[in-house]
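In: Got a predicted structure plus its sequence, pasted below:
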Protein chains: 2
Amino acid sequence: MARIAVTDGMDSRAIQNLVEMGHEVIEKHYSKEELEKGALAKFDAVVVRSATKMTSEVIAASDALTFIGRGGVGVDNIDIEAATSHEMVVCNTPRASTHSVVELTIGHLLTSCRHITRGDRGLRSGLWEKKLLRGSELSGKRLGFIGFGRIAQGVANISNAFGMECHAYDPYLPKEIAKQFNCTLHDDVDSIFSLCTHITIHCNLSEETHHLVNKDRIDMMSGVGADGVTCGNHIVNCARGGIVDENAVLSALESGQLMTAALDVFEVEPAGNNPLLQHQNFHGTPHIGAATAESQSRIGSEMVTLLTDHFDGLKPHSALN
Amino acid sequence: MARIAVTDGMDSRAIQNLVEMGHEVIEKHYSKEELEKGALAKFDAVVVRSATKMTSEVIAASDALTFIGRGGVGVDNIDIEAATSHEMVVCNTPRASTHSVVELTIGHLLTSCRHITRGDRGLRSGLWEKKLLRGSELSGKRLGFIGFGRIAQGVANISNAFGMECHAYDPYLPKEIAKQFNCTLHDDVDSIFSLCTHITIHCNLSEETHHLVNKDRIDMMSGVGADGVTCGNHIVNCARGGIVDENAVLSALESGQLMTAALDVFEVEPAGNNPLLQHQNFHGTPHIGAATAESQSRIGSEMVTLLTDHFDGLKPHSALN
């Protein structure tokens, strides 16, 4: 039976399952220094989320590991090349959080267009700003997707129910798949900005996508919906910080070129005293896309499957190397 | 041609249309005293929203009126009996705001279950409360409707796309209609509370519905979703203040029996310093269900149709007397 370190938490039922199978599970968070000094040296497997950074140094100091599991999707905190050269398999749980991020994205879109956080702030200050808070409907507007993977597809399904027209840019996606979601796939990203009043980000952070949402592209947005209604421009990012240039967003909120902006992810996290956070037409959440009971439960049960397959000598289905 | 008073505002294109037809339109808000002293005495028609109270005194002092138009749905600010006895037709615009209220309702549900306003307040205070903000998905939960008219039906359509199971109480609705929306109709209101973790109000305010959501009924809610997830209990009201007992809601938030509550309407409006507004798991908006560009534009064009029919000697389609 294996020794498994869980360094950033995991659903308690998943841990119980592993213990019942006879594994030893240690739930403890280690500092960078502890990790580099070999805190994981006597473990067969480690399960992390985003807080534990599995750098090449940490991996070199954890030589007994044969499995690195990432509860969640993004593996930018794991040096996969180093893991490969040390013969460690790296797995994530790509599907477990999908629907939670889908729902948060729709929540941010509606909160934006109806000024819900601003209205609530007013009420808490004794104000009744009904006349200042005229919003617009999602219905009849064009929603532009940057990236059209599983999460975006889920958002498109629900946007269709709202009566939105969906457009996507995703250079890696076959056109047939977009069509299944009643979504038009475009060959260049600029078309999305010139066509759509509402834009939502669902791609990875890479050199190619860093500051993909910048001043020039925000300036291409027309503020007039497909239905002719002057609804303003709206941007939501529940994917990764850094894809959106936050300075450009703040300037566009100040000039009115953006009516609202909603971010769940930031260039620097925690977001600290980022001036964007104080703008009245901004609202945000602290990277909670996967922070639901359902997502955590699915991540836990998927991780149990991955670990079990691995220790049974099978290649886990989400192995990344 | 007619003299038309518009006392609480109307979409500018609608006013322009009426002027182009040759009518004289005066846009001006009058105080209670001015109205009782006959400010509307020389008008043929008046268009109000909720701010102008057409009491029996005001109606008696406005004897030339033959038409009272309410931009919006609720006519609790118009004494219809008095209007009838003075031979004035009363009309509202029942369909114009439907979709705007539908979208706000879904927005409040998602904002509740993902703690969006609380997350945003934290960010604005320099906090990164990711670990405190574990929410739950709408998917897999039972949504209970109190009243299942046009707005509720629109909410049900979108809830189905989210993967919610819909239940409704509406003593005035045939069962077949609920079925069209994949919704189970119940004969008693208590069943909705004992079955559902998420409840949304879509009925009128009347003696029958006053404080329909009270301590006893909130206590019936189980906090466990149809999918077995402990998601807590959630109540949204975008209908009318007074249907929900606000003191009971505050107590239930304090005890944890309610995880969240979201109100767009209040027993007293403006809501002022209602202590409920300060609870961390409450959020609200200042009666903005119909406050969208689309809704205002539809109200305006519908009002033009109603006025035109009336002055042409036809009975307007939404005449209430």
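Out: Okay, I see it.
In: What does the pLDDT read for A:Glu302?
Out: Note on A:Glu302: pLDDT of 96.
In: I meant A:Ala226, not that one.
Out: The model reports A:Ala226 with a pLDDT of 97.
In: in what helix or strand does it lie?
Out: Counting by DSSP states H and E, there is no helix or strand that carries A:Ala226.
In: Number of residues surrounding the closest residue to it other than its chain neighbours?
Out: Excluding the flanking residues, the one nearest A:Ala226 by Cβ to Cβ, 6 or more residues apart in numbering or on different chains is A:Arg142, at 4.9 Å. Any C-beta I mention is one placed from the backbone N, CA and C, and that applies to glycine too. Neighbour count for A:Arg142, taken as other Cβ atoms under 10 Å in any protein chain shown: 20.
In: next one: the one 10 residues further on
Out: The number of residues packed around A:Ala152, counting by other Cβ under 10 Å, is 29.
In: Pretty sure it sits against A:Phe145.
Out: Yes - between A:Ala152 and A:Phe145 there is a contact at 4.5 Å, judged by Cβ atoms under 8 Å.
In: Mutual contacts of the two, please.
Out: Common neighbours of A:Ala152 and A:Phe145 are listed as A:168, A:170, A:200, A:202 (criterion: Cβ atoms under 8 Å, 6 or more residues apart in numbering or on different chains).
In: State the distance from A:Val48 to chain B.
Out: 16 Å (Cβ to the nearest Cβ, to the nearest Å).
In: these two touch, right, that residue and A:Met10?
Out: No - checked against Cβ under 8 Å, the pair A:Val48 and A:Met10 is beyond contact range at 9.7 Å.
In: what is in contact with those two at once?
Out: In contact with both A:Val48 and A:Met10: A:Gly71, using Cβ under 8 Å, 6+ apart.
In: Please report the distance of A:Tyr172 from A:Asn237.
Out: Distance from A:Tyr172 to A:Asn237, counting by Cβ to Cβ, to the nearest Å: 19 Å.
In: more neighbours, those two?
Out: More neighbours surround A:Asn237 than the other of A:Tyr172 and A:Asn237, with 26 against 8 (other Cβ under 10 Å).
In: What residues are bridge-paired with the more buried one?
Out: Partner residues in beta bridges with A:Asn237, using DSSP bridges, are A:Ile201, A:Leu263.
In: That one contacts A:Ala262, correct?
Out: Yes - at 7.5 Å, A:Asn237 and A:Ala262 qualify as touching, with contact defined as Cβ under 8 Å.
In: Pull the number of nearby residues for the closest residue to A:Ser136 other than its chain neighbours.
Out: Spatial nearest neighbour of A:Ser136, chain neighbours left out: A:Cys231 (3.7 Å); criterion: Cβ to Cβ, 6+ apart. Using other Cβ under 10 Å, A:Cys231 has 25 neighbouring residues.
In: A:Gly223 is in contact with A:Cys231, correct?
Out: Yes - with contact defined as Cβ under 8 Å, A:Cys231 reaches A:Gly223; the gap is 7.0 Å.
In: Write out the residues of the stretch 201-321 of chain A neighbouring chain B.
Out: A:227, A:229-231, A:269-273, A:277-278, A:283-288, A:291-297 (Cβ under 8 Å from any Cβ of the partner chain).
In: Over to the stretch 51-200 of chain A?
Out: Looking at chain B, the residues of the stretch 51-200 of chain A close enough under Cβ under 8 Å from any Cβ are A:99-100, A:103-104, A:106-108, A:110-111, A:113-117, A:119-124, A:126-130, A:133-140, A:157-158, A:160-163.
In: contacting residues around the closest residue to A:Asp264 other than its chain neighbours?
Out: Ranked by Cβ to Cβ, 6+ apart and with sequence neighbours excluded, the top spatial neighbour of A:Asp264 is A:Cys238, at 4.3 Å. Neighbour list for A:Cys238: A:101, A:104-105, A:108, A:151, A:200-202, A:264-265, A:289 [criterion: Cβ under 8 Å, 6+ apart].
In: gap between A:Cys238 and A:Ala61?
Out: 34 Å.
In: Could you do A:Gly144 as well?
Out: As judged by Cβ to Cβ, A:Gly144 and A:Ala61 stand 45 Å apart.
In: Ok, A:Asp245 next?
Out: Using Cβ to Cβ, A:Asp245 is found at 37 Å from A:Ala61.
In: Show me which of these two is the more surrounded one.
Out: Ranked by neighbour count (other Cβ under 10 Å), A:Asp245 and A:Ala61 place A:Asp245 first, with 20 against 17.
In: For that one, which residues are in contact?
Out: Neighbours of A:Asp245 in contact, by Cβ under 8 Å, 6+ apart: A:211, A:213-215.
In: The same query, at a cut-off of 10 Å, please.
Out: A:210-218, A:251-252, A:267 (Cβ atoms under 10 Å, 6 or more residues apart in numbering or on different chains).
In: and the gap between the nearest residue to A:Glu87 once chain neighbours are set aside and B:Arg150?
Out: For A:Glu87, ignoring the flanking residues on the chain, the nearest one in space by Cβ to Cβ, 6+ apart is A:Thr66 at 7.0 Å. Taking Cβ to Cβ as the measure, A:Thr66 falls 59 Å from B:Arg150.
In: swap in A:Phe181?
Out: For A:Phe181, the distance to B:Arg150 - Cβ to Cβ - is 28 Å.
In: ok, those two, which is more surrounded?
Out: A:Phe181 (19 against 16).
In: show me what contacts the more buried one?
Out: A:Phe181 touches A:145, A:148, A:152-157, A:159-160, A:166, A:168, counting by Cβ under 10 Å, 6+ apart.
In: What subset of the residues you listed is buried?
Out: A:145, A:148, A:152-157, A:159-160, A:166, A:168 (16 or more other Cβ atoms under 10 Å in any protein chain shown).
In: for these, which one is nearest chain B?
Out: A:Asn157 (6.3 Å; Cβ to the nearest Cβ).
In: so which strand or helix has the closest one?
Out: helix A:150-162.
In: What of A:Ala168?
Out: Counting by DSSP H and E, A:Ala168 is part of strand A:165-169.
In: Distance from that strand to the middle of the chain?
Out: Centre-to-centre, strand A:165-169 and its host chain are 19 Å apart (Cα atoms, centre = their mean, to the nearest Å).
In: Can you check what angle separates that strand from helix A:150-162?
Out: Following axes from the mean of the first three to the mean of the last three Cα atoms, to 10 degrees, one obtains 160 degrees for the angle between strand A:165-169 and helix A:150-162.
In: What segments of chain A are helices?
Out: For chain A, the helices defined by DSSP state H occupy A:12-20, A:32-36, A:56-60, A:80-85, A:98-113, A:116-124, A:150-162, A:175-180, A:189-195, A:215-220, A:246-255, A:293-311.
In: in the first one, what's buried?
Out: Of the residues in helix A:12-20, those with enough neighbours to count as buried (16+ other Cβ under 10 Å) are A:14-15, A:17-18.
In: Now do the same contact list for the residue nearest the centre of chain A.
Out: Central residue of chain A (Cα atoms, centre = their mean): A:Ala239, 3.2 Å from the mean position. Applying Cβ under 10 Å, 6+ apart, we find A:Ala239 in contact with A:73-74, A:101, A:105, A:146-147, A:149, A:151-152, A:200-205, A:209, A:263-265, A:289.
In: Recalculate using a threshold of 7 Å.
Out: A:147, A:201-203, A:265 (Cβ atoms under 7 Å, 6 or more residues apart in numbering or on different chains).
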